[in-house]
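Engineer: predicted model and sequence below, questions to follow.
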Amino acid sequence: MALAIVGIVLLVNGPGTKSAKKTTTTTSTSTSTTVATSTSSTVPPTTFPTPTTQPLTTAAVVPTCPPSTGSTTRVVWFTKAPPTCISATSVWDATFKTSLGDIVVQMPAASSFAAVNNFVFLANYQFFNGTFFHRVMPGFVVQGGDPTGTGSGGAHLLPGYSFTGNTPPSSCKTKPTQTGCYVPGDLALANSTGPSTDASQFFFVLPGGQTVLNTEPNYTIFGHVVSGMSVVEKIGADGSSSGTPTVKVYLLSVTMRQISG
């Protein structure tokens, strides 16, 4: 195999991983791909204090819809995917409060119902509170959504289930500017072997990342940044070519607000 690839990032959500590849080729006419099984949990010391959160769940919980105002108990491990907890026509704003500032994402349920329903469910159980962005690659993606901070979901493959989402049209490979293809500011779900393995991990598309992602449209888009894209880009600037962040940026909390439907 020719040594033509100088950068690669893994969008992982389990022990079997699938790569969304960021590549730069040299004069070689072929490329090689390296696949890792998880993200390293070794991250340089943070410049921010570790947030105080409730301990991780020690037993799997049967999923029930949390109160619309959010659960007072943090739950991160469930026996199966959540039931339907939102309206199919609802539109939500999610506020990601990070240690670098706030990011607001709008999520229309009609475009990716299973993904939005799942995200609202997890956010209202405080699933994302106190986590950090464990995989960050400048010019590509900012990834989070794993309470263990490893990218593997830990021994229980948190949140303990997967579900089937939906992907952009395959024609994005040849017509990336059409509606429904990846653009900077999109929020999408990471997976291990395709949209049937969607779960909790998500990533923001950084400027430039859409170029690679549209060649491999295998990740469910379920929202778009409407405020705070500068924060996303600041987080992205603290990444590395390996995806290991140089600064540990925390996702302090995610709060949901239904704005219609």
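Structural biologist: Arrived safely, thanks for sending. Numbering: from 1, shown residues only.

Engineer: just the strands in the stretch 101-250 of the chain please.
Structural biologist: 101-108, 131-132, 135-137, 141-144, 186-189, 202-205, 221-227, 250-260 (DSSP state E, counting those that start in this stretch).

Engineer: what pLDDT does the model give the nearest residue to Val225 once chain neighbours are set aside?
Structural biologist: Among residues not flanking Val225 along the chain, Gly185 sits closest, at 4.0 Å (C-beta to C-beta, 6 or more residues apart in numbering). C-betas here are computed from N, CA, C, even on glycine. For Gly185, the pLDDT comes out at 98.

Engineer: which residues touch Gly185?
Structural biologist: Phe204, Val205, His224, Val225, Met229, Val232 (C-beta atoms under 8 Å, 6 or more residues apart in numbering).

Engineer: let's have the residues you listed in TSV, adding neighbour count, pLDDT and distance to Asn166.
Structural biologist: Conversion of those to TSV gives the following (neighbours: other C-beta atoms under 10 Å; pLDDT from 0 to 100; distance: C-beta to C-beta, whole Å):
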residue	neighbour count	pLDDT	distance to Asn166
Phe204	29	98	19
Val205	26	98	17
His224	19	98	15
Val225	21	98	20
Met229	17	98	24
Val232	26	98	23
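
Engineer: sorry, back to before: for Gly154, find the nearest of the strands of the stretch 101-250 of the chain.
Structural biologist: Between Gly154 and the strands of the stretch 101-250 of the chain, the tightest spacing by C-beta to C-beta is seen for strand 131-132, at 12.1 Å.

Engineer: that closest one pairs with which strands, and in what direction?
Structural biologist: Using DSSP bridges, the strands paired with strand 131-132 are strand 250-260 (antiparallel).

Engineer: measure Cys172 to Phe113 for me?
Structural biologist: Distance, Cys172 to Phe113, using C-beta to C-beta, to the nearest Å: 20 Å.

Engineer: and stretch 63-73, which residues are buried?
Structural biologist: Pro63, Cys65, Pro66, Gly70, Ser71 (16 or more other C-beta atoms under 10 Å).

Engineer: quick one: the last one from Leu100, how far?
Structural biologist: Taking C-beta to C-beta as the criterion, Ser71 is separated from Leu100 by 26 Å.

Engineer: one more: Lys80?
Structural biologist: Distance of Lys80 to Leu100, given as C-beta to C-beta: 35 Å.

Engineer: list the contacts for Val205?
Structural biologist: Going by C-beta under 8 Å, 6+ apart, Val205 touches Val141, Tyr182, Val183, Pro184, Gly185, Asp186, Leu187, Ala188, Leu213.

Engineer: run a quick neighbour tally on the third one.
Structural biologist: Pointing back at Val183 there. Neighbour count for Val183, taken as other C-beta atoms under 10 Å: 17.

Engineer: do the same with the fourth one
Structural biologist: Pro184 is surrounded by 16 other residues when neighbours are defined as other C-beta under 10 Å.

Engineer: so it touches Leu206, yeah?
Structural biologist: Yes. The criterion here is C-beta atoms under 8 Å, and Pro184 meets it with Leu206 at 6.3 Å.

Engineer: and the pLDDT for the residue nearest in space to the middle of the chain?
Structural biologist: In the chain, the centroid-proximal residue (C-alpha atoms, centre = their mean) is Phe202; its distance is 0.9 Å. If you check Phe202, the pLDDT there is 98.

Engineer: hang on, it packs against Val141?
Structural biologist: No. In terms of C-beta under 8 Å, Phe202 does not count as a neighbour of Val141; the distance is 9.7 Å.

Engineer: what residues sit buried inside stretch 208-218?
Structural biologist: Result for stretch 208-218 [16+ other C-beta under 10 Å]: buried residues Gly209, Gln210, Val212, Leu213, Asn214, Glu216, Pro217, Asn218.

Engineer: pull the residues that contact it.
Structural biologist: Outside stretch 208-218, the residues that touch it by C-beta under 8 Å, 6+ apart are 18, 20-23, 139-141, 167-170, 172-173, 176, 181-184, 186, 188, 191, 194-195, 205, 219.

Engineer: same thing with stretch 171-180?
Structural biologist: The contact list for stretch 171-180 (C-beta under 8 Å, 6+ apart) reads Pro168, Pro169, Cys181, Tyr182, Gln210, Thr211, Asn214, Thr215, Pro217, Ile221.
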